[in-house]
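**Student:** can you look at this prediction? I've put the sequence above it.
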Amino acid sequence: MFITFEGIEGCGKTTQVKRLVKRLNSEGISLVTTLEPGGTRIGKSIRHILLDASNRDLSPLAELILYIADRAQHVEEVIKPALDQGKWVICDRFFDATLAYQGTARGQDMELIRILNNKATHGIRPDITFLLDCPVEMGLDRALKRNRDLSQEDQDRFERERLEFHREVRKGYLELARKEDKRFVVINAALTEDDVEQEIFQSLSPILDEKREEGVY
């Protein structure tokens, strides 16, 4: 089972990943938790380049290629081996992020992105994607506060983007969810963290019941 979390800056993905992992661990499920960019040793170096606020002159195409390079390494080193071993994988961002950020918001060619994504992922696709959706202003306020609290102001290149950029990202995500409504579950991330967690787990409950009946775990 491959589960991904997506959404704009500050939507609460990382918090909800941790909460879901805790719940799934209590169910005795063997799983791997990871993220993009930065899910590998090499990926951490790529992540630093991508998020470094001083890299304002990074071109959209270079940005796209860096994300694809991170993903190729990530799939080869972490995701594919875990899935091959029958483990569940919970990932904070995956290829949908590239379609929303570099495609819709940056204006890079969507067909090129799909070709590169398919090559980097070996055709691996999430079984379910939780899109945590909230107003852009709310997400940015949360993200900026988080960066201040964690002293990560130098790693906020995306948070410093104009408001319209973030609106385009959100629009891109919602369009992806509309087109693939069988894979995406859109969650109102403006709710409390507890309510968001409950909605996510309720969405997974039928899958968990099915796996129990099959004796998968």
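**Tutor:** Yes, it's here.

**Student:** quick one: the strands in this protein?
**Tutor:** Under the criterion DSSP state E, strands of the chain are mapped to 2-6, 31-35, 88-92, 128-133, 184-188.

**Student:** what pairs with the fourth one, parallel or antiparallel?
**Tutor:** Strand 128-133 has these partner strands in its sheet, going by DSSP bridges: strand 2-6 (parallel), strand 184-188 (parallel).

**Student:** how far is it from where the chain is centred?
**Tutor:** Here strand 128-133 is found 8 Å from its chain centre; the criterion is C-alpha atoms, centre = their mean, to the nearest Å.

**Student:** quick check, central residue of the protein?
**Tutor:** Nearest to the mean C-alpha position of the chain, by C-alpha atoms, centre = their mean, lies residue 93 at 1.4 Å.

**Student:** right, and that one touches residue 5 too?
**Tutor:** Yes. Contact between residue 93 and residue 5 holds when scored by C-beta atoms under 8 Å: they sit 7.1 Å apart. Every C-beta, even on glycine, is put in place using the N, C-alpha and C of the backbone.

**Student:** find residues that contact each of these two.
**Tutor:** residue 13 (C-beta atoms under 8 Å, 6 or more residues apart in numbering).

**Student:** neighbours of residue 117, just the number please.
**Tutor:** Using other C-beta atoms under 10 Å, residue 117 has 21 other residues around it.

**Student:** repeat that for residue 141.
**Tutor:** 13.

**Student:** which residues touch it?
**Tutor:** Residue 141 neighbours (C-beta under 8 Å, 6+ apart): residue 10.

**Student:** pLDDT score for it?
**Tutor:** Reported pLDDT at residue 141 in the predicted model: 87.

**Student:** in this protein, which helix or strand is least confident?
**Tutor:** Ranked by mean pLDDT, DSSP states H and E, the weakest helix or strand in the chain is helix 136-149, scoring a mean of 82.

**Student:** give me the angle between that one and strand 128-133.
**Tutor:** With axes from the mean of the first three to the mean of the last three C-alpha atoms, to 10 degrees defining the directions, helix 136-149 sits at 100 degrees from strand 128-133.

**Student:** my read: residue 98 touches residue 70, true?
**Tutor:** No. Judged on C-beta under 8 Å, residue 98 makes no contact with residue 70 at a distance of 9.9 Å.
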